[in-house]
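# okay, sequence plus prediction incoming.
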Number of protein chains: 2
Amino acid sequence: MREVVIAGIGVTKFDLYDGEKAPLKESYDLGGEAIIEALEYAGMEWKDIQSAYIGSCYQGVGAGQQAIKEVGLTGIPIVNIENACSSGGSAFRLAYRDVAAGFCDVALAGGLEKMPRGLIQATSWREWERRLGFNVQPASYAMAAVRHMEEYGSTLEQFAKVTVKNRQNAVLNPKARFQKEVTIEEVFNSRMISKPLRLFNCCPLADGAAAAILCSKDKVNSNDRLVWVAATVLSSGVYGHERGGGSVNIKLPGRTERSSREAYEISGCGPEDMDIVQAYDTMSSYELVSIAELGLCKHEDAGPLLEKGYFDLDGKIPVNTDGGLIGRGHPLGATALAQIAEAFFQLRDEAGPRQVPGAKVGLCHSMGAGPSCTVTILKR
Amino acid sequence: MREVVIAGIGVTKFDLYDGEKAPLKESYDLGGEAIIEALEYAGMEWKDIQSAYIGSCYQGVGAGQQAIKEVGLTGIPIVNIENACSSGGSAFRLAYRDVAAGFCDVALAGGLEKMPRGLIQATSWREWERRLGFNVQPASYAMAAVRHMEEYGSTLEQFAKVTVKNRQNAVLNPKARFQKEVTIEEVFNSRMISKPLRLFNCCPLADGAAAAILCSKDKVNSNDRLVWVAATVLSSGVYGHERGGGSVNIKLPGRTERSSREAYEISGCGPEDMDIVQAYDTMSSYELVSIAELGLCKHEDAGPLLEKGYFDLDGKIPVNTDGGLIGRGHPLGATALAQIAEAFFQLRDEAGPRQVPGAKVGLCHSMGAGPSCTVTILKR
């Protein structure tokens, strides 16, 4: 297999593009913007792209082709990927494989989403699960949160502290939806969604898109601060080990553990080598689960370490430096690529006020109902 | 790249699974059935499958994972593919690439669809196109049909004759939705849909699923009558050359021409080598376009050759031997894999009463709005 580098990345601001707070834009408008930004970053033209994978969940038929119409129709293979919240990571993995195997030299991975307004049904659940109230995601995450508190002694204060940290990071990221910090009290005073999770424990609705151009080393325009794809792994669920969005039985090895262990093995890096981590934080309680399943610490230590600032921007392992799902927003198809964008900019020393000095290895982690999970490790 | 063979294929009967004519089944039920049939055919167990790509268009989030839950959750990478009517062909191509590049030895390609009832909006069209009435597929196909009549002298009788032929073939395929022949008069007397296309010129609604197991030669259980993947190509549209579902400007090289020429080059076969062809016939008029764009004859000869029986089951190049979309039905995500299944069974000499004697090379062609197009060539 050939080594693969990222030549360029583009990310739109994550916002509500419905013509009120932000201009009215469709998912293909956002996708087109992200692709053009990635091309400009890479110093490439659209005709240089030989293959494209576009992740989305709710955009109907031909979402990728529609976004690419904004840039140019050159006849290349375009594949639309739907893997829930790891759609963008799955697209990235396939673009990586095209280049690594030599099927082509320059491939595009994109993710885009204009989120549905109103109740978002988790359509992948079975009828009996829906009847038990599992048709909306917070329900299963709430169960996992309670279990985490019972098993590992985590507290509501710790869950709130995750939100506070990620909203602080988001303020340093102009492309994050939220540009305002919150306090622990504001989290506690926000509306109850599914006990014990309140509104500010949940990631917010946002529309957005992101795109990455992957290529062989000889196709990149500059050898300065090259970012390599060290590993990109996709796994699905295993019977009895996990369930849908939030693991209830959190003691058995879940797909995050399996994906990350494989990624560590492929990349030759361990969790101790990570300078930054983008961990899946669809609910603030779940960031603690993700951190431990990724092997950054033991489950019972995640909360206490968080309280000590271990995962802060200036901590030992900064987690969700761009605000994460909670601060940046969560347009499903785009999320995993926004994480990859953040790791890329951090490794390129281009993350501005949120730059982690000297970051050389980064990990991105996205879970998806279905279930699926992608873990990507980038190295400079 | 390694050579890749098909170890087994499964196809459900295509029908309306809504509890009246056929039992009530969901898309994941159908997907599970097709996968189990493919495993049985291959003499493999589910744990042998290392990677899965599942095509569908209207099944919401996690369709592939839901179908695979029917078989077993082993943690393998599962990617859901949406490429309109070429979703199944796109899934097949990715499974092929996994094995060809050595990412894994045994991969599954599946396609499944429980079609929406009522008006099916072609969601990939732009607002101005919808306002012009292009939001349903027959409109653009009707324009292409009229253009074909003007440019190439094709006739309504010829369009009707395509339906008659494909319905005759369907009667010999127990898995086709339609099990009854129609006459030219019945086509002419059927309800007008979009002038000049009548109901029996259009492919019917059907639910169904199909699955194929692709592997390296050392993983197959028998070397008897091995079916090889000689080429599998995906392309998208090119500005000015084509439009959505039905080409209006049919003189410029469309995605069918580009995909098939690339497939001929890769496989080392030409159109003259094809023993059977599964050509995209979403409308009967469009089979004539497909046949010519695949290079089987000139555009102006497609109709006259059809009338002479050239594309009949006992003709020079039998086209749509299983009934095609018009006779078999068209569950979007499953269609391209059903075509591949038919070519596989023909090449294995297992097509029963519709067997084309001595068939050794077959081509499958599926177009998708978006736009996209897959062409797959199988060889014995």
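Ah, there it is.
# let me know the helix or strand that the residue nearest the centre of chain A is in.
Centroid check for chain A by C-alpha atoms, centre = their mean gives A:A336 as the closest residue, at 3.0 Å. Using DSSP states H and E, A:A336 sits within helix A:332-347.
# coming back round to it: which ones are touching the residue nearest to the centre of chain A?
A:55, A:85-90, A:92, A:111, A:364, A:366, A:374, A:376 (C-beta atoms under 8 Å, 6 or more residues apart in numbering or on different chains). All C-beta atoms are positioned from the backbone trio N, CA, C, and that covers glycine.
# which of these are close to chain B?
A:S90 (C-beta under 8 Å from any C-beta of the partner chain).
# any chance of the contacts of A:A336 in a markdown table, with pLDDT and neighbour count too?
Formatted as a markdown table, the contacts of A:A336 follow (pLDDT from 0 to 100; neighbours: other C-beta atoms under 10 Å in any protein chain shown):
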| residue | pLDDT | neighbour count |
| --- | --- | --- |
| A:G55 | 98 | 39 |
| A:C85 | 94 | 32 |
| A:S86 | 96 | 35 |
| A:S87 | 98 | 35 |
| A:G88 | 98 | 39 |
| A:G89 | 98 | 33 |
| A:S90 | 98 | 30 |
| A:F92 | 98 | 35 |
| A:G111 | 98 | 39 |
| A:C364 | 98 | 29 |
| A:S366 | 97 | 35 |
| A:T374 | 98 | 33 |
| A:T376 | 98 | 29 |
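# of all the contacts of A:A336, which comes closest to chain B?
A:S90 (5.3 Å; C-beta to the nearest C-beta).
# so A:M274 sits against A:K360, correct?
No. With contact defined as C-beta atoms under 8 Å, A:M274 does not count as touching A:K360 (9.7 Å).
# who's more crowded, the two?
It is A:M274, of A:M274 and A:K360, that has more neighbours when counted by other C-beta atoms under 10 Å in any protein chain shown, with 23 against 18.
# quick one: low-confidence residue ranges for chain A.
Chain A contains residues with pLDDT under 70 at A:121-126, A:135, A:240-252.
# now the angle from the top strand by length along it to helix A:332-347?
Across chain A, the longest stretch assigned as strand under DSSP state E is strand A:227-236. Between the axis of strand A:227-236 and that of helix A:332-347 there is an angle of 150 degrees, by axes from the mean of the first three to the mean of the last three C-alpha atoms, to 10 degrees.
# only C-alpha atoms, please: export strand A:227-236 in CSV.
Extracted C-alpha coordinates of strand A:227-236, given in CSV (Å, rounded to 0.1, in the frame of the first residue of the first chain):
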residue,chain,number,x,y,z
VAL,A,227,0.0,15.4,7.2
TRP,A,228,-0.1,11.7,6.7
VAL,A,229,-3.0,9.3,7.2
ALA,A,230,-1.5,6.9,9.7
ALA,A,231,-4.7,4.8,10.1
THR,A,232,-8.3,4.9,9.2
VAL,A,233,-10.5,2.2,10.6
LEU,A,234,-14.3,1.4,10.4
SER,A,235,-16.0,-1.2,12.4
SER,A,236,-19.6,-2.1,13.2
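# following that strand, which helix or strand shows up next?
helix A:255-267.
# near chain B at all, that next one?
Yes. Using C-beta under 8 Å from any C-beta, helix A:255-267 comes into contact with chain B via A:R255, A:R258.
# which parts of that helix are buried?
A:R255, A:T256, A:E257, A:R258, A:S259, A:S260, A:R261, A:A263, A:Y264, A:S267 (16 or more other C-beta atoms under 10 Å in any protein chain shown).
# before we move on, the earlier item: got the angle between the helix or strand following the helix holding A:A336 and strand A:227-236?
Proceeding N to C from helix A:332-347, the next assigned helix or strand is strand A:361-368, under DSSP H and E. Here strand A:361-368 runs at an angle of 30 degrees relative to strand A:227-236 (the same axes, to 10 degrees).
# what angle do strand A:361-368 and helix A:255-267 make?
Counting by the same axes, to 10 degrees, strand A:361-368 lies at 150 degrees to helix A:255-267.
# so what does strand A:361-368 touch, helix or strand wise?
Contacting strand A:361-368 under the criterion 3 or more C-beta pairs under 8 Å, 6 or more residues apart in numbering or on different chains; DSSP states H and E are the following elements: helix A:87-100, helix A:255-267, strand A:276-278, helix A:332-347, strand A:372-379.
# go again with 10 Å.
With contacts taken as 3 or more C-beta pairs under 10 Å, 6 or more residues apart in numbering or on different chains; DSSP states H and E, strand A:361-368 sits against helix A:87-100, strand A:227-236, helix A:255-267, strand A:276-278, helix A:284-293, helix A:332-347, strand A:372-379.
# can I get the ones you listed in JSON lines including distance to A:I76?
What follows is these, written out as JSON lines (distance: least, C-beta to C-beta, whole Å):
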{"stretch": "helix A:87-100", "distance to A:I76": "11"}
{"stretch": "strand A:227-236", "distance to A:I76": "20"}
{"stretch": "helix A:255-267", "distance to A:I76": "28"}
{"stretch": "strand A:276-278", "distance to A:I76": "29"}
{"stretch": "helix A:284-293", "distance to A:I76": "35"}
{"stretch": "helix A:332-347", "distance to A:I76": "19"}
{"stretch": "strand A:372-379", "distance to A:I76": "23"}
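# B:H148 is nearest to which of these?
Across the helices and strands packed on strand A:361-368, the minimum distance to B:H148, taken as C-beta to C-beta, is reached by helix A:87-100, at 36.1 Å.
# could you check the angle that closest one makes with helix B:87-100?
Here helix A:87-100 runs at an angle of 50 degrees relative to helix B:87-100 (the same axes, to 10 degrees).
# what is the subsequent helix or strand relative to helix A:87-100?
Assigned by DSSP H and E, the successor of helix A:87-100 is strand A:106-113.
# so which elements touch that next one?
Under the contact criterion of 3+ C-beta pairs under 10 Å, 6+ apart, strand A:106-113 touches strand A:5-11, helix A:27-42, strand A:51-55, helix A:63-69, strand A:78-82, helix A:87-100, strand A:208-215, helix A:332-347.
# that one: how far from the chain's middle?
Distance of strand A:106-113 from its chain centroid, counting by C-alpha atoms, centre = their mean, to the nearest Å, is 14 Å.
# what do you get for stretch A:367-380?
8 Å.
# then it to PDB, C-alphas only?
Provided in PDB are the C-alpha atoms of stretch A:367-380 (Å, rounded to 0.1, in the frame of the first residue of the first chain):
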ATOM      1  CA  MET A 367     -19.700   6.700  16.400                       C
ATOM      2  CA  GLY A 368     -22.800   6.200  14.300                       C
ATOM      3  CA  ALA A 369     -26.100   4.600  15.000                       C
ATOM      4  CA  GLY A 370     -26.500   1.600  12.700                       C
ATOM      5  CA  PRO A 371     -24.100   1.000  14.400                       C
ATOM      6  CA  SER A 372     -20.700   2.000  13.000                       C
ATOM      7  CA  CYS A 373     -17.500   3.700  14.300                       C
ATOM      8  CA  THR A 374     -14.600   5.300  12.500                       C
ATOM      9  CA  VAL A 375     -11.200   6.100  14.100                       C
ATOM     10  CA  THR A 376      -8.600   8.000  12.100                       C
ATOM     11  CA  ILE A 377      -5.100   8.800  13.200                       C
ATOM     12  CA  LEU A 378      -3.200  11.600  11.500                       C
ATOM     13  CA  LYS A 379       0.600  12.200  11.800                       C
ATOM     14  CA  ARG A 380       2.800  15.000  10.800                       C
END
